[in-house]
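**Student:** Provided below are the primary sequence and the corresponding predicted coordinates.
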Amino acid sequence: VTVTPSVSSSNMYSLSWPEATAGSGMSVTHYYYMINTAPPSTLATVLSNVSTYFDNETSTSVDLKSLPGVNKGANIVYVVAIDNSVVPNYSPSNYITGTFTLNSTDPDNVGNLVSSDSSIKSQSKWNVTLTWTEPTYMGAGNLTYQIYRSGNGISFSKVGETVGLSYVDNTPLSQMYYYKVYTKDGANAVSSGTNAVSIFPTGKWTSPASLESEPIVSDITTKKAKISWGTDRISDSKVALGTRSGEYSEEEFSNSNMVTNHVINLTNLSPSTTYYFVSKWTDEDGNTGKSTEKTFVTDSAPVVKSAITRYVSIDSAQVEFISIKATKIKLYYGLTTSFGGVKELSTSTNETKYSISLDGLQDGSRYYYKLNQFDLEGNEYQSSIYDFSTLPKPLVSDIRIQQIKNTADTTIVINWNSNTEISSILSYYPIDNPSDVRDSINLTLINGAHKMSLSSLFPEKVYVLSVKGRDRIGNEAVSENIRFTTATDTRPPVISEMTVDTAPVGSSNTNSQKSQIVVSWNTDELSTSSIEYGEGYSDTYQLKSTTDYTLTYNHAVVISGLEPSKVYHFRSVSKDKANNTGYSSNTVSITSSISNDATTLILDSLRRLFNF
């Protein structure tokens, strides 16, 4: 910095300096100069005291003028620059300087000027106390110190003077003020004036604000509450909270806003809990007040009770429960306790019974579920975990078909297994007659091994069979169609209960009288009827009756034209539908010589045969 003149007997100097070089893309917008005071650490300090840090805008020179803060002897001028960045770039170490000398007889400025706040805040009396040290050069001596004050840092006016090294200024308002002190000697020579000091007198409170309205608790829910109170002057707001009297959490609920009407919203509380609290407030001077301890109880949480699973099937179930004080229920469900599925249901806060249906489930699987409740504020509460198992899908397996040998009718036995309790149903038909479907049913519910037989089948016939069953709620298991062929029928009918009755035919007074016999018997399968016979005792049969091809279990054949009172031997012959022939044992009988009514004789035989 070039100071002109560099040496002078009076405080009149001009300044000039070279242009500063801004950073890339920037330009210099302000130069600031200051006398005998180094650049401060922050730009904010530069901007806040225009009577110490002089804004020369973009000009690089200062016309000849009286400079403040100049003392006898060597003096230093400092110059800094800032750019046009959004946040202007400033560095307290990036400055240039120039020196100049004052050879004047005027007294120096006082040293170490300090301002302090000596206000009485409770009485709204705003006082500023200024202190300083004696100047190094006192001129003619007999010094008087003149006090100048400014409200804007530009226009100063004298507010008092003193011969001491301090001064108390009674300011009219609590606002920012700037002060300079001028030294006047006995020869009425006056110094250049100090650089300005600034202060905002506010004073301090020595006791906390008074409580004007006691803390009250409102808007209590399961997890929240609001605490309100009032003080007679502004303070911040705090609440110390705990679940035991006199024992509070280290972390307090707080609001730093300075207010007289205090509100603290408490959050993350526990339902159905008694809380103890004190309200606190601290003014701007650090004085803290505290209320007496008070209590409140949070609302109870919503609950779910009597949860039960009904109507469980292979792929669905219905969950029933009672909800109290909940606005919504979320049912989480899945094959593990991690769940995965979720259903929502809006509910009344009154105690009410509800049900939620679950569909699309896997059969034969264990499911876990929980019924979380939501309160009026949307807080979610965890419930217990329940479980149920879907019914297994009925299946039939391991089907085995076995034909029974040496039976009167063609008979098969079917064995199979089921994985759950189901009935037993066999549906079958001959492959050459699909419309002739027949069912054999056993409604007893069996889990595991099943067994049923089918009889009266045609031999050497291909059949189509399906094995079925239904569980207790109607789910059906059906096997694939199975083909089987019945074996050839090689077993003849078995003849039993054979009887022979004889009777004469015609008049006893004539030689034309003949005798007749009625032979009756039973077979264990449907068969034809015929009799082979002959005279005398023999095991050969010369004669044979007409064959009755009607298939029946009960047989009767009448043989007429036999000689009366004569020995005959007989045997019954029956053929089944497979043409297997069954024979009775040889039976010997003597024809009757007594004339009886043939019809009566036949009827008697039939009565014995059919037991009526």
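**Tutor:** Noted; the coordinates are in hand.
**Student:** tell me the contacts of Val519?
**Tutor:** 498-500, 531, 556-557, 559, 570, 572, 587 (Cβ atoms under 8 Å, 6 or more residues apart in numbering). All C-beta spots, glycine's among them, are computed from the backbone N, C-alpha and C.
**Student:** helix or strand: which one has Glu284?
**Tutor:** For Glu284, there is no host helix or strand (DSSP states H and E).
**Student:** quick one on the thing from earlier: give me the buried entries from the contacts of Val519.
**Tutor:** Applying 16 or more other Cβ atoms under 10 Å to these, the neighbour count classes 498, 500, 531, 556-557, 559, 570, 572, 587 as buried.
**Student:** pull the most distant pair out of those.
**Tutor:** Using Cβ to Cβ, the buried ones among the contacts of Val519 span at most 14.6 Å, a distance reached by Ala556 and Thr587.
**Student:** re earlier: which two in the contacts of Val519 are spaced the farthest apart?
**Tutor:** Taking Cβ to Cβ, the two most distant members of the contacts of Val519 are Ala556 and Thr587; they sit 14.6 Å apart.
**Student:** tell me, how many residues neighbour Ile227?
**Tutor:** 24 (other Cβ atoms under 10 Å).
**Student:** report pLDDT for it.
**Tutor:** Ile227 is assigned 98 on the pLDDT scale.
**Student:** distance-wise, check the nearest residue to Leu67 once chain neighbours are set aside relative to Val573.
**Tutor:** In space, and not counting its chain neighbours, Leu67 is closest to Ile35: 5.2 Å by Cβ to Cβ, 6 or more residues apart in numbering. Counting by Cβ to Cβ, to the nearest Å, the gap between Ile35 and Val573 amounts to 155 Å.
**Student:** and for Arg472?
**Tutor:** Going from Arg472 to Val573 by Cβ to Cβ gives 53 Å.
**Student:** equivalent analysis for Ser235, please.
**Tutor:** Ser235 is 127 Å from Val573, by Cβ to Cβ.
**Student:** quick revisit: so which of the contacts of Val519 are in strands?
**Tutor:** In this view, the contacts of Val519 that belong to strands under DSSP state E are 498-500, 531, 556-557, 559, 570, 572, 587.
**Student:** what's opposite the nearest residue to Pro564 once chain neighbours are set aside in the beta bridge?
**Tutor:** Nearest residue to Pro564, sequence neighbours excluded (Cβ to Cβ, 6+ apart): Ser515, at 4.2 Å. Beta-bridge partners recorded for Ser515 (DSSP bridges): Pro504, Leu562.
**Student:** so Ser515 versus Ala503, what's the distance?
**Tutor:** For Ser515, the distance to Ala503 - Cβ to Cβ - is 7 Å.
**Student:** quickly list what's touching both of the two.
**Tutor:** Ser592.
**Student:** neighbour count: Ile35 and Val573, which is higher?
**Tutor:** More crowded of Ile35 and Val573, by other Cβ under 10 Å: Val573, with 24 against 20.
**Student:** picking up where we left off before, adding distance to Gly341, write the contacts of Val519 out as TSV.
**Tutor:** Output for the contacts of Val519, formatted as TSV (distance: Cβ to Cβ, whole Å):
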residue	distance to Gly341
Met498	76
Thr499	78
Val500	83
Ile531	80
Ala556	75
Val557	78
Ile559	85
Phe570	83
Ser572	75
Thr587	82
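**Student:** from these, which is closest to Ser593?
**Tutor:** Using Cβ to Cβ, the contacts of Val519 come closest to Ser593 at Val500, 15.6 Å.
**Student:** how about that closest one, what does it touch?
**Tutor:** By Cβ under 8 Å, 6+ apart, the neighbours of Val500 are 517-519, 570, 587, 589.
**Student:** quickly list what it is bridged to.
**Tutor:** Here Val500, judged by DSSP bridges, has bridge partners Val519.
**Student:** for Asn415, what are phi and psi?
**Tutor:** Here is the backbone geometry of Asn415 (degrees, to the nearest 10): phi -120, psi 140.
**Student:** partners of it in the sheet?
**Tutor:** Going by DSSP bridges, Asn415 forms beta bridges with Arg400, Lys451.
**Student:** centroid residue for this structure?
**Tutor:** Centroid-nearest residue in the chain: Tyr332, 6.4 Å away (criterion: Cα atoms, centre = their mean).
**Student:** did I read that right, that residue in a strand?
**Tutor:** Yes: assessed with DSSP: H, G, I helix; E, B strand; the rest coil, Tyr332 lies in a strand.
**Student:** spatially nearest residue to it (excluding sequence neighbours)?
**Tutor:** With sequence-adjacent residues excluded and distances taken as Cβ to Cβ, 6+ apart, Tyr332 is closest to Phe339, at 4.1 Å.
**Student:** make sure I have this right: that neighbour is in a strand.
**Tutor:** No: the assignment for Phe339 (three-state DSSP) gives coil, which keeps it out of a strand.
**Student:** what is the neighbour count of it?
**Tutor:** 16.
**Student:** ok, it - contacts?
**Tutor:** 332-333, 368-370.
**Student:** ok, and the most crowded of these?
**Tutor:** Counting neighbours by other Cβ under 10 Å, Tyr369 comes out on top of these with 24 neighbours.
**Student:** ranges for the helices of the stretch 501-612 of the chain?
**Tutor:** 598-610 (DSSP state H, counting those that start in this stretch).
**Student:** so where is it shaky, pLDDT-wise?
**Tutor:** Confidence mapping of the stretch 501-612 of the chain against pLDDT under 70 gives the ranges 505-512, 594-612.
**Student:** surely Val464 touches Thr485?
**Tutor:** No: taking contacts as Cβ atoms under 8 Å, Val464 lies outside contact range of Thr485: 10.9 Å.
**Student:** these two: who's more crowded?
**Tutor:** Counted by other Cβ under 10 Å, Val464 and Thr485 do not tie: Val464 has more neighbours, with 15 against 12.
**Student:** hmm, who's touching the one helix or strand that one maps to?
**Tutor:** Assigned by DSSP H and E, Val464 falls within strand 462-470. Here strand 462-470 makes contact (Cβ under 8 Å, 6+ apart) with 394, 396, 399, 401, 414, 416, 418, 422-432, 434, 450, 457, 476-486.
**Student:** let me see the mean pLDDT of it.
**Tutor:** Mean per-residue pLDDT for strand 462-470: 96.
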